[in-house]
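Participant: take a look and give me a structure for this.
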Amino acid sequence: MAQNVYQFIDVKRVDPPKKSLDARTIEFVEIYQPMTDTQAAGQADRCLDCGNPYCEWKCPVHNYIPQWLKLANDGRIVEAAELAHKTNSLPEVCGRVCPQDRLCEGACTLNEGFGAVTIGSIEKYITDKAFQMGWRPDLSAVVKTDKKVAVIGAGPAGLACADVLVRNGVTPVVFDKYPEIGGLLTFGIPPFKLEKDVLKLRREIFTEMGIEFRLNTTVGVEVSFDSLLEQYDAVFLALGTYTPMQGGLANENAPGVYEALPYLIGNVNNLHNWTTEHPFVDLKGKKVVVLGGGDTAMDCVRTAIRQGASKVICAYRRDEANMPGSRREVQNAREEGVEFMFNLQPLGIEVNAQGEAVGVNVVTTALGAPDAKGRRSPEPVAGSEQVLDADAVIVAFGFQPSPPKWLADQGVALDSKGRVVAAEDSLFPLQTSQQKIFAGGDMVRGSDLVVTAIAQGRKAAEGILDYLAV
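Facilitator: Numbers count the residues shown, from 1 in each chain. Model (predicted):
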């Protein structure tokens, strides 16, 4: 299809249509409807094919974005999917959950004045369409080696590492404690952002490619880490960050106060009749206050809305401009009825005579000097304390690593925050202090994006291949 060089002017940015609010607020299914072929081609044609594509540079996996946009515009979907998989092991996931406004679309040349190209939606369209057409990765030319690598953790970092390894003739065996692959993609992120059939299909594809999964298997319980070191040529650690960060709030362990991740996991388990250690918490009819401003907080407020909470407030200690969460998720939450209260810092949980949570003590803040990361620090305003009434309080302050004991037993170096020390720029990228052990994702970087975990998993695979001389 010939490109209209004025397409970015003639055709406005249009996001995929959303389901009605009435449907969205009661359903745990994805809210965005699929793009049609015509919509996808028209939106892809808006790309200027910049000589220096900032979108590609800003993407953590450095997707060949202008190239696969051109292929999508031409209707060459299989070629577009092949190209997308050269840099990204889970493009159908990233198209759904990446904060594109802070990454590729935020860097798009058209962002100022015309509206960025809908890169994320087209990435999702390309992969979903290719799968529907029957496309699968072709590994027929791969020369298989006798090397085997144990991958501990079936989240995005572990899956990405296994993907690159199997494409280079190395057999990856992925161990995970959960009954399905995906880690928090499956058990943490709500289905209204990422339906779980997406990961089930990806598991089928990876299995067909030659990746072996040993699920419901906890390393250190069902299988020892020492045995993995003995049986495999290398081990990749991708255990993520599951331990919640505490706020040091008074009464933070009172009944009615919930940690974000167990709340989200319990809800997903209830929807799919899965069994894990986290119980289902039903917030129907309750006044809910969620503390935090990241994407996990957005997942919590939107889940509470769908459970039928009578009122949902998101309280954040900085202003809206400094929220770390995706702008798209904030907008969706607002549309669905969430009330945002900014510049409020929690001081403690208000409890009744029975010790149950009945509110949150907060103080108004003003933004002061920037911190080490350039973000302005919130400073309390004297005399501005108030109480937000609540029947349930969800704490979403982020997560930190909780390295298992067997990791310390092997002498793997950790930093002061409990993160595994593994440098990308070492001789063998992301190799730990023990030469046979590699690590990546959140347990190295700290809690971060899905796409950064994918990038590290792929980088670690390169380090492993070099180490094994494959």
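Participant: E277 falls within a strand, correct?
Facilitator: No - read with DSSP: H, G, I helix; E, B strand; the rest coil, E277 is coil and lies in no strand.
Participant: what's the neighbour count on it?
Facilitator: Counted with other C-beta atoms under 10 Å, the neighbours of E277 add up to 9. For the C-beta atoms, the positions are set from N, CA and C on the backbone; glycine is no exception.
Participant: roughly how far apart are it and V257?
Facilitator: Using C-beta to C-beta, to the nearest Å, E277 is found at 18 Å from V257.
Participant: just Q386 next, same as before
Facilitator: With distances taken as C-beta to C-beta, Q386 is found 18 Å from V257.
Participant: and those two? which has more neighbours close in?
Facilitator: Neighbour count, other C-beta under 10 Å: between Q386 and V257, V257 has more, with 21 against 11.
Participant: for V143, see how far away the more buried one is.
Facilitator: Counting by C-beta to C-beta, the gap from V257 to V143 is 55 Å.
Participant: ok, L48 next?
Facilitator: As judged by C-beta to C-beta, L48 and V143 stand 40 Å apart.
Participant: and those two? Which one has more around it.
Facilitator: Neighbours per residue (other C-beta under 10 Å) separate L48 from V143, with L48 holding more: 17 against 7.
Participant: hang on, that one packs against N111?
Facilitator: No - between L48 and N111 there is no contact under C-beta atoms under 8 Å: 11.5 Å.
Participant: mind listing the strands for the stretch 351-470 of the chain?
Facilitator: 357-370, 376-380, 386-389, 392-395, 399-400, 437-439 (DSSP state E, counting those that start in this stretch).
Participant: would you mind finding the longest helix in this structure?
Facilitator: helix 450-467 (DSSP state H).
Participant: quick check: Y258 is in a strand.
Facilitator: Yes - assignment of Y258 by three-state DSSP places it within a strand.
Participant: what are the ranges of the helices in the stretch 251-400 of the chain?
Facilitator: 260-272, 295-307, 327-335 (DSSP state H, counting those that start in this stretch).
Participant: redo the ones you listed as JSON lines? Include distance to E230 and mean neighbour count.
Facilitator: What follows is the helices of the stretch 251-400 of the chain, written out as JSON lines (distance: least, C-beta to C-beta, whole Å; neighbours: other C-beta atoms under 10 Å):
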{"stretch": "helix 260-272", "distance to E230": "33", "mean neighbour count": "20"}
{"stretch": "helix 295-307", "distance to E230": "38", "mean neighbour count": "25"}
{"stretch": "helix 327-335", "distance to E230": "45", "mean neighbour count": "17"}
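Participant: switch those over to TSV; also include mean pLDDT.
Facilitator: Formatted as TSV, the helices of the stretch 251-400 of the chain follow (pLDDT from 0 to 100):
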stretch	mean pLDDT
helix 260-272	96
helix 295-307	98
helix 327-335	96
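Participant: quick one, which of these is nearest to A40?
Facilitator: Across the helices of the stretch 251-400 of the chain, A40 has its closest neighbour in helix 327-335 (18.4 Å, C-beta to C-beta).
Participant: what sits up against the closest one?
Facilitator: Residues outside helix 327-335 that contact it (C-beta atoms under 8 Å, 6 or more residues apart in numbering): 18, 21, 24, 31, 99-102, 193, 295, 298-299, 301-302, 305, 314, 320, 323, 340.
Participant: mind pulling up the pLDDT for W274?
Facilitator: With respect to pLDDT, W274 scores 86.
Participant: going forward, the N-terminal residue is numbered 81.
Facilitator: Taking 81 as the first residue, the last one we looked at is W354.
Participant: what about it, how many neighbours?
Facilitator: 15.
Participant: N347 is in contact with that one, correct?
Facilitator: No - W354 is beyond contact range of N347, at 10.9 Å (criterion: C-beta under 8 Å).
Participant: can you give me the strands for the stretch 231-380 of the chain?
Facilitator: So, for the stretch 231-380 of the chain - with DSSP E, counting those that start in this stretch - the strands run 251-255, 292-294, 314-317, 323-324, 337-339, 367-371.
Participant: worst average pLDDT in the ones you listed?
Facilitator: Minimum mean pLDDT among the strands of the stretch 231-380 of the chain: strand 323-324, a mean of 90.
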